[in-house]
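Enquirer: what follows is a predicted protein model with its sequence.
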Amino acid sequence: MDFERHLAEKTLATLEELRLRVTFALDRHPLCRGIEFDIVKMPRNRKGNWTVTLQTIAPDALWEASDIVADIQEAYELAVAA
């Protein structure tokens, strides 16, 4: 179905757009507010071409932050600069 194929496609986003989306998403969860992270470009693989390294994270926020980041990674792909 075309609809299912469309849902599987990822939206292109710049590094700054990804940084903002991750920041806003983490800040919405009470345990994840203030988490420091960095977005890292990676070689293209079947899951994507970027990842997030979480720093300064409380142990009780690890699962929530990982789930939030995973959801964003499923939806967005890092746009390659032309």
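Expert: Okay, I see it. Computed from a predicted structure; not experimentally measured.
Enquirer: so who does Ile68 touch?
Expert: 22, 25-26, 29, 32 (CB atoms under 8 Å, 6 or more residues apart in numbering). Bear in mind the C-beta positions are built from the backbone N, C-alpha and C, glycine included.
Enquirer: could you list the buried residues of the helix or strand containing it?
Expert: Assigned by DSSP states H and E, Ile68 belongs to helix 62-75. Buried residues in helix 62-75, defined by neighbour count with 16 or more other CB atoms under 10 Å: 64-65, 68-69, 72-73.
Enquirer: in the chain, where is pLDDT below threshold?
Expert: Residue ranges of the chain with pLDDT under 70: 1-8, 81-82.
Enquirer: all strands for it, in order.
Expert: Ranges of strands in the chain, per DSSP state E, are 11-13, 36-41, 50-55, 76-78.
Enquirer: measure the residue lying closest to Ala13 once chain neighbours are set aside to Asn45 for me?
Expert: Residue nearest to Ala13 in three dimensions, not counting chain neighbours: Tyr76, with 4.6 Å by CB to CB, 6 or more residues apart in numbering. With distances taken as CB to CB, to the nearest Å, Tyr76 is found 15 Å from Asn45.
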